[in-house]
Structure formats: structure tokens, C-alpha cells
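Chemist: when you get a sec, could you give me coordinates for this:
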Amino acid sequence: AAMAAGMAKQGALPVFAVYSSFLQRAYDMLIHDVALQGLHVVFAVDRAGIVGNDGETHHGVFDVAYLSTVPDMTVMCPASFQELHDMLQAALFDETGPVAVRYPRGGEGEYRASHVEHETVLREGEDVTVVCYGTMVNNALECARLLEARGVSAEIIKLGIIKPNGLEAVLASLKKTGRLIMPEESCASGCMGEQILALCAQNGLELRAARLINLGNGVVPQGSVAELWRDYGLDAQGIADAAAQLCTAKCCAR
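Modeler: So this is what the prediction gives:
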């Protein structure tokens with residue numbers, strides 16, 4: 001990370017490809033060598049989220065929290081191969097300063113479009129707002145179909161760039177539905193769900209109910225991605241069950 005900062009200082013355009021869990025070791029360099037000098041370094045953050053059988057030391061579940069604290073860092077979360085391509089292009093040629101493009105191990109799912117934008121409403125709904133980013137968008141879309149069969153209308157909002165992001169579309173949706181479901185492969189502390197709830201409080205938006213579905217303290221055991229999604233309630237069925245319960249809740253609960 002320090003070498004990439006030096007390269008950028010001399011006019012190069014470095015791309016540092018690194019596992020999310022390994023980038024944790026460079027937190028000091030991210031702030032002091034890159035961000036404080038406003039250097040344009042692109043971080044290709046691999047293994048973001050649950051990685052499966054690589055084991056508990058390789059899950060990339062802290063980068064959303066720690067990258068969000070780095071001054072002037074832009075954080076992009078592609079959800080398809082095409083979006084990864086387009087976001088890398090944007091990170092290189094449209095952005096300035098430090099940029100992280102975080103992507104998971106594995107392939108793509110149902111979502112194969114590309115929206116290089118902060119927020120995209122993928123599906124409109126009236127009863128509950130499901131906010132997602134990265135490949136978790138696939139589980140959210142399947143969740144919406146499961147909910148529709150149960151008579152619940154879910155609005156799906158995809159975050160493409162999680163920092164900076166004013167979350168205007170999210171707030172507008174929450175004003176309409178009053179209910180938030182936020183599934184994410186992140187530790188609880190500093191996750192996007194917490195940031196959204198804080199923004200609601202700052203704007204005086206009182207929700208009827210909310211549920212953050214995440215990885216708690218971030219110590220995730222070894223297991224396949226499908227197994228861990230199920231165990232943490234992050235698969236489509238788990239998200240749908242939480243949303244259905246939420247639509248009968250009378251107060252905001254986590």
C-alpha cells in the first residue's frame with residue numbers, strides 16, 4: 001500500500017489487488033500514506049464478504065467498516081462481472097483520490113446488469129425496503145419474489161457506491177414503507193445498516209420497524225457460502241422470513 005502511494009506520488013496510476021482480510025494490515029498506510037495526500041490509488045479488494053471454505057481468517061467482513069473511516073475514500077461494490085469491469089474503469093479514469101472496488105470470491109447470479117451509480121431501485125414496493133449491495137442483490141431479488149407469494153410488496157434498492165453516498169433514494173423509500181431490511185456480509189459494527197439507521201435518526205425519520213441481518217462480531221466459521229448464508233439468515237428465505245415478521249412489528253427492532 002505504501003509502495004502504491006509512492007507510485008501515485010510520482011504520477012503512476014497503481015492498482016493494488018489484495019484480499020480484503022490482508023488489506024486490514026495496511027489500515028495505517030491507507031490513511032497516512034494514501035488518503036492524507038489525496039493520492040489516486042485504486043484498491044481491487046478481492047474476497048469481500050463470506051469466502052466459504054478458505055476459513056475464518058479469510059472472510060472479508062471488516063472492510064466496509066474500516067474503509068468507510070478512511071478520509072475521501074470511494075468504495076464501490078459491483079454485483080456482476082460487467083459491473084466489476086465498468087466500476088474498475090470508473091475507478092481508474094473517472095475518480096480521484098483513493099478508490100476501493102470490493103468484490104467477492106466466486107461468480108455472478110441472477111443480476112447481470114451494470115449500474116455504476118450510488119443507488120438503483122431494482123424493484124418498487126410498498127410494504128418494506130430491502131437495501132443491498134454487491135452480490136447480496138441476488139438474494140434480495142429472490143427474497144422479493146418469496147415475499148410477493150406471501151402478499152408482501154418489497155422495494156429493492158441496490159447500492160453501487162457505498163461511500164460517498166447520501167442515500168437519498170433509501171430515505172425516500174423508507175418514508176414510504178417505514179420498514180427497513182438490510183442484509184449484508186459485514187460485521188455489525190460500522191455496517192451500512194447502522195449508517196442508514198443513523199441517517200434516519202439525523203433526519204428525524206422514525207421507522208415502524210427495522211432489521212439488520214449481518215455477521216455480528218465478524219468472527220465467521222469455516223463453511224460453504226450457502227451454509228453460512230443460511231446460518232446467518234442471509235439467504236433469500238432468511239431475508240424473506242425476517243421481512244415478513246417485520247411487516248407485523250409495531251416498533252423499531254434490530
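Chemist: Met3 is in what secondary structure piece?
Modeler: Assigned by DSSP states H and E, Met3 belongs to helix 2-9.
Chemist: using PDB, list the CA coordinates for that helix.
Modeler: Taking C-alpha atoms only, helix 2-9 is exported to PDB below (Å, rounded to 0.1, in the frame of the first residue of the first chain):
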ATOM      1  CA  ALA A   2       2.900   2.400   0.800                       C
ATOM      2  CA  MET A   3       4.600   1.500  -2.400                       C
ATOM      3  CA  ALA A   4       1.400   2.200  -4.400                       C
ATOM      4  CA  ALA A   5       1.200   5.600  -2.700                       C
ATOM      5  CA  GLY A   6       4.800   6.300  -3.800                       C
ATOM      6  CA  MET A   7       4.000   5.300  -7.300                       C
ATOM      7  CA  ALA A   8       0.900   7.600  -7.400                       C
ATOM      8  CA  LYS A   9       3.100  10.400  -6.000                       C
END
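Chemist: give me the mean pLDDT for it.
Modeler: The average pLDDT within helix 2-9 is 98.
Chemist: before we move on, what about stretch 193-204?
Modeler: 97.
Chemist: any idea how far that stretch is from the chain center?
Modeler: 16 Å (Cα atoms, centre = their mean, to the nearest Å).
Chemist: can you list the buried residues in it?
Modeler: Gly193, Glu194, Gln195, Ile196, Leu197, Leu199, Cys200 (16 or more other Cβ atoms under 10 Å). The way it works is simple: take the backbone N, C-alpha and C, and place the C-beta from them, glycine included.
Chemist: of the residues you listed, which is the nearest to Gln89?
Modeler: Nearest to Gln89 out of the buried residues of stretch 193-204 is Gln195 (Cβ to Cβ; 26.6 Å).
Chemist: show me where this protein has strands.
Modeler: Using DSSP state E, the strands assigned to the chain run over residues 15-19, 42-46, 74-76, 99-102, 119-123, 128-133, 154-159, 161-163, 179-183, 209-213.
Chemist: nearest to Val101, of the buried residues of stretch 193-204?
Modeler: Distances from Val101 to the buried residues of stretch 193-204, taken by Cβ to Cβ, are shortest for Gln195, at 19.3 Å.
Chemist: now the residue lying closest to the closest one once chain neighbours are set aside: how far from Val41?
Modeler: In space, and not counting its chain neighbours, Gln195 is closest to Ser68: 7.4 Å by Cβ to Cβ, 6 or more residues apart in numbering. Using Cβ to Cβ, to the nearest Å, one gets 17 Å for the distance from Ser68 to Val41.
Chemist: neighbour count: these two, which is higher?
Modeler: Neighbour tally, Ser68 and Val41, criterion other Cβ atoms under 10 Å: the higher count belongs to Val41, 29 against 17.
Chemist: correct me if wrong: the more buried one contacts Met3.
Modeler: No: contact between Val41 and Met3 fails when scored by Cβ atoms under 8 Å: they sit 9.9 Å apart.
Chemist: now do the shared contacts for the two.
Modeler: Common neighbours of Val41 and Met3 (criterion: Cβ atoms under 8 Å, 6 or more residues apart in numbering): Pro14.
Chemist: count of residues packed around Asp28?
Modeler: 10.
Chemist: then Ile50?
Modeler: 27.
Chemist: who are the contact partners of the residue nearest to Leu159 when sequence neighbours are not counted?
Modeler: Setting aside the residues directly before and after it, Leu159 is nearest to Tyr133 in space (Cβ to Cβ, 6+ apart), at 4.1 Å. Listed by Cβ under 8 Å, 6+ apart, the contact set of Tyr133 reads Cys77, Ala79, Lys158, Leu159, Gly160, Ile162, Glu184, Met192.
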